[in-house]
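> A structural model of the following input is requested.
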Amino acid sequence: MPMHPDWLQPAFGIPGVQAVMTTRAGGGSVAPWDSMNVGLAVDDDPAQVARNRALLQEATGADLVFMKQVHGTRVLRLTGEHLAAPVLEADACVTIEPGLACVVQVADCLPVLMAAPGGVAAAHAGWRGLAGGVVEAALCDLCKATGCKPAEVVCWLGPCIGPDAFEVGADVLEGFGVQSAGADPARFKPLRPGKWLANLPQLARDRLAAAGVTQVSGGEWCTVRDQVDGRSRFFSFRRDRITGRMAAVIWRR
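Sure, this is the predicted structure:
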């Protein structure tokens, strides 16, 4: 099965590395999970979710490892044993095994895919995970696994809630160590008293740059507002509440 034409296929420029990010299109789930929902914990028909995941596995030709994401910072070092293991709680994963795919599920949180010579990683970065250091944790483990330096790692930021839609309170600013009185409008744009619009991709770029990463692309899509032919292109929990989950996948051939 070929990739659906609406799915995103980032290029990393590292031999053997492939990646894909699904959209709403290409699956068999019915509304409100229509149609390519890969999330099992959103009340969709489990049999249909399994079929959607099988479609994705067929399209990638890789073995997909799904995690139980909890907005934390734990990183799993994936091996073939995880294919038969119970689903584990984590929000990032790393592997050096060809044919094994790192997968994160999102519906407004930021997916961060990473590639280095000899390994790949994926991180689920909502604001809590990002503020807690999940991206740095994934980067650190990828560098340990491959023996590379952060400057050798190539990163891609997928679709997430955009900077014109992500309304937050002072708790989010505090999570990033920012005082509301001095908040940078490029990261936290004042909206009304006690509320700001947060730029999640820019906050991720800041974290990656501080960790020594120099090669970052993506981050220009908004899960809340982007449309195709008048229909929502991405799942968005903030917009719909009852909705599906997309998958960001990276692997080595």
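> all contacts plus neighbour counts: C-alpha atoms, from now on.
Will do.
> Spatially central residue for the chain, please.
Among the residues of the chain, residue 111 comes closest to the average C-alpha position under C-alpha atoms, centre = their mean, at 1.4 Å.
> Correct me if wrong: that one contacts residue 121.
No - the pair residue 111 / residue 121 is not scored as a contact, 10.7 Å apart, by C-alpha atoms under 8 Å.
> Would you check how far apart residue 229 and residue 6 are?
Residue 229 sits at a distance of 12 Å from residue 6 (criterion: C-alpha to C-alpha, to the nearest Å).
> likewise residue 207?
Taking C-alpha to C-alpha as the criterion, residue 207 is separated from residue 6 by 29 Å.
> Show me which of those two is the more surrounded one.
Taking residue 207 and residue 6 together and counting by other C-alpha atoms under 10 Å, residue 207 has the greater number of neighbours (17 against 14).
> The more buried one touches residue 137, doesn't it?
No - in terms of C-alpha under 8 Å, residue 207 does not count as a neighbour of residue 137; the distance is 11.0 Å.
> where do the contact lists of residue 111 and residue 121 overlap?
When contacts are counted by C-alpha atoms under 8 Å, 6 or more residues apart in numbering, the set common to residue 111 and residue 121 is empty.
> Please enumerate the helices of the stretch 101-250 of the chain.
With DSSP state H, counting those that start in this stretch applied, the stretch 101-250 of the chain shows helices at 127-132, 134-146, 170-175, 200-210, 237-240, listed in chain order.
> Mind listing what's buried along the top helix by length along the chain?
Longest among the helix segments of the chain by residue count, using DSSP state H, is helix 46-60. For helix 46-60, burial by neighbour count (16 or more other C-alpha atoms under 10 Å) applies to 48-49, 51-53, 55-57, 60.
> need those in a markdown table with distance to residue 235 and pLDDT, can you?
Rendered in a markdown table, the data for those read as follows (distance: C-alpha to C-alpha, whole Å; pLDDT from 0 to 100):
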| residue | distance to residue 235 | pLDDT |
| --- | --- | --- |
| 48 | 17 | 98 |
| 49 | 15 | 98 |
| 51 | 18 | 98 |
| 52 | 15 | 98 |
| 53 | 16 | 98 |
| 55 | 18 | 98 |
| 56 | 16 | 98 |
| 57 | 20 | 97 |
| 60 | 21 | 98 |
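> List just the nearest of those residues to residue 36.
Proximity of the buried residues of helix 46-60 to residue 36, judged by C-alpha to C-alpha, is greatest for residue 52, which lies at 6.1 Å.
> Quick check: that closest one touching residue 24?
No - contact between residue 52 and residue 24 fails when scored by C-alpha under 8 Å: they sit 11.0 Å apart.
> Now do the shared contacts for these two.
Between them, residue 52 and residue 24 share the neighbouring residues 36-37, with contact defined by C-alpha under 8 Å, 6+ apart.
> Model confidence for the closest residue to residue 42 other than its chain neighbours, exactly?
The shortest distance from residue 42 to any residue that is not its chain neighbour, by C-alpha to C-alpha, 6 or more residues apart in numbering, is 6.5 Å, and that residue is residue 244. Residue 244 carries a pLDDT score of 98 in this model.
> Residue 244: how many residues sit nearby?
When neighbours are defined as other C-alpha under 10 Å, residue 244 has 30 of them.
> shift numbering so it begins at 30
All right, first residue 30 from here; so that's residue 273.
> quick one: average confidence on stretch 155-166?
When the per-residue pLDDT values of stretch 155-166 are averaged, the result is 98.
> distance between the ends of it?
The stretch stretch 155-166 measures 14 Å between its terminal residues, going by C-alpha to C-alpha.
> what's in contact with it?
100-104, 120-121, 137-139, 141, 152-154, 201, 204-205, 229, 233, 236-237, 240.
> Same check on stretch 79-97?
The contact list for stretch 79-97 (C-alpha under 8 Å, 6+ apart) reads 30-32, 56-58, 65-67, 111-112, 116-120, 128-133, 278, 280, 282.
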